[in-house]
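>>> return atomic coordinates for the entry below.
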Amino acid sequence: MRSRATAYPLVAVLGWGVMFPILASALNQVDPLNLTTARYLLAAVVLVAILLLREGAGALRHGGRALEVVVLGVVGFAGFNLLTNLALEHAAPQQISLFVATTPVITQLVRWARDGVRPKPLLLALSLVALLGVGLVITRGSLAGLGQFGLGGLMMVGAVLGWGIYTHGASRFGEWSPLRFTTLTALAGTAAMLALSIGADAVGWQHAPAAADLVAVTPQLAYAVLVGAVIAVLAWNTGVQRLGAANAALFMNLVPVTTFAVQIARGYRPEPVELVGAAITIAALIAANLAARPRTASLPRPSAVTDPVAVTDPVAVSAR
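Numbers count the residues shown, from 1 in each chain. Presented below is the predicted three-dimensional model:
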C-alpha cells in the first residue's frame, strides 16, 4: 500500500521537472508576466470548478481570513511564479530547478524566523553545501559566471523564499481542505498577476501577446496548466497525506534530475563541473530532508496543509 502511495509525489515531481524546459520555450513567444498570468487565469478556472464540484459554493468564502489569504496568495503564487519565469530569461531551466529543490530547507528557515523553531545545525550546514552545488552549476566553476548567478539566481532566491513563506502560512489553515486553500490563494495570486501584467503592458515594460502568440504556445500552456498547476499539485498533496510530509519532501530532489534529463534529451551537454554541482546539491538536500524528519514514529501523520515543513508545488499549490 505504501509503495502505491509513492506514485503520487513521484507523478508531481516528474511533472514539475519537465515543466521548466517547457516554460522556457514558451518565453520565446510571450513575455514572462503575461505568460504567468495566462497560465494562472486558466488554472484558477479549473481549480474553482473542481472546488465547486467537490465542496460547493460555500468553500469559496474566506471565513473572515481574507487578508491572510490575499497576502499568502500574492507572496506565494504571484511572487514565486513571476520571479521564476523572469529568472528563466537569465538562467537555464536545469539551473532554476536546483533552486526549487531547496524549498524544504528554505521552509525550515522561514519557520525558524517566524516561530523561533531553530533547525538543527546540521541542516544549516547542509543548506550551505547545497547552495555551493547550485553555484557550481550556474557559474560552471568559473568566476566569469557570477553575473549570471546574480540575475537568475537572486530572482530564484526570492521566489523560493516567497514559496517558503506561503508553505509555512498554510499551517494556519488546518481546518481547510488542501483544495480550498489552494484555490482561494491561487485566486488572490492570479488577481495580483493580472494587475501587474496590465500595468507592465501599459508602461511598455512588456507587450500584451497577440492571439497568434498565445496560439503558438498553446501546447506549453496546456501542459503548465493541467499538469503543472492542477494534476501535479493534487497528486503532491495526496502523497503528503499518505506518506507524511518528511517522506514526500524527499521526492522534491528529483525535480532537478528530471529537468537535467529533459535538457540532455533535447541536446544539451552538461560540463563535468555542472554534474558535480548537481550531485552535491541533490545529495545535500536529501541529507537535509533526512535530518529534518521527525524521529518519533508514534506522532500523528500531518496533512499537506497543516504541516509547516510540507512542501507544496513550487509552481502553484495546486499541487504543492
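
>>> and the next element down the chain from the worst-scoring helix or strand of the chain on mean pLDDT?
In the chain, no helix or strand scores lower on mean pLDDT, DSSP states H and E than helix 146-148, which sits at a mean of 52. Moving toward the C-terminus from helix 146-148, the next helix or strand (DSSP states H and E) is helix 154-169.

>>> mind listing what's buried in the following helix or strand past that following helix?
Moving toward the C-terminus from helix 154-169, the next helix or strand (DSSP H and E) is helix 178-203. Neighbour counts over helix 178-203 (16 or more other CB atoms under 10 Å) mark 178-194, 196-197, 200-201 as buried. Placement of C-beta: from N, CA and C, glycine included.

>>> let me see the mean pLDDT of helix 178-203.
For helix 178-203, mean pLDDT rounds to 91.

>>> off-centre distance for it?
Centroid separation between helix 178-203 and its chain, computed with CA atoms, centre = their mean, to the nearest Å, is 16 Å.

>>> quick one: mean pLDDT over the helix or strand immediately after it in the chain.
Heading C-terminal from helix 178-203, the first helix or strand you meet, by DSSP H and E, is helix 211-216. Helix 211-216 comes out with an average pLDDT of 90.

>>> one more: stretch 7-22?
Averaging pLDDT along stretch 7-22 gives 87.

>>> likewise for stretch 95-109?
For stretch 95-109, mean pLDDT is 75.

>>> what about that stretch, how long is it end to end?
Start and end residues of stretch 95-109 are separated by 22 Å (CA to CA, to the nearest Å).

>>> low-confidence ranges in the stretch 151-300 of the chain?
The stretch 151-300 of the chain contains residues with pLDDT under 70 at 237, 240-241, 244-250, 289, 292-300.

>>> setting aside sequence neighbours, what's the nearest residue to Leu47?
Computed as CB to CB, 6 or more residues apart in numbering, the closest residue to Leu47 that is not its neighbour in sequence is Thr183, at 4.3 Å.

>>> for that neighbour, give its distance to Val46.
Using CB to CB, to the nearest Å, Thr183 is found at 9 Å from Val46.

>>> swap in Tyr8?
19 Å.

>>> do Thr238 as well
Here Thr238 is placed at a distance of 17 Å from Val46 (CB to CB).

>>> returning to that earlier point: can you name the residues that contact the residue nearest to Leu47?
44, 47-48, 50-51, 59-60, 318 (CB atoms under 8 Å, 6 or more residues apart in numbering).

>>> just confirm Val13 is within a helix.
Yes. Applying DSSP: H, G, I helix; E, B strand; the rest coil, one finds Val13 inside a helix.

>>> is it true that it touches Thr258?
Yes. With contact defined as CB atoms under 8 Å, Val13 counts as touching Thr258 (6.8 Å).

>>> tell me which of Thr238 and Val46 has more neighbours.
Thr238 (20 against 17; other CB atoms under 10 Å).

>>> check which helix or strand covers the more buried one.
Per DSSP H and E, Thr238 falls inside helix 232-243.

>>> repeat that for Glu89.
Assigned by DSSP H and E, Glu89 falls outside every helix and strand.

>>> so how far is Leu35 from it?
Glu89 sits at a distance of 11 Å from Leu35 (criterion: CB to CB).

>>> kindly report the same for Arg54.
Distance of Arg54 to Leu35, given as CB to CB: 29 Å.

>>> so those two - more neighbours on which side?
For Arg54 versus Leu35, the count of surrounding residues by other CB under 10 Å is larger for Leu35: 27 against 11.

>>> does that one touch Leu27 like I think?
Yes. If you go by CB under 8 Å, Leu35 and Leu27 touch, sitting 6.4 Å apart.
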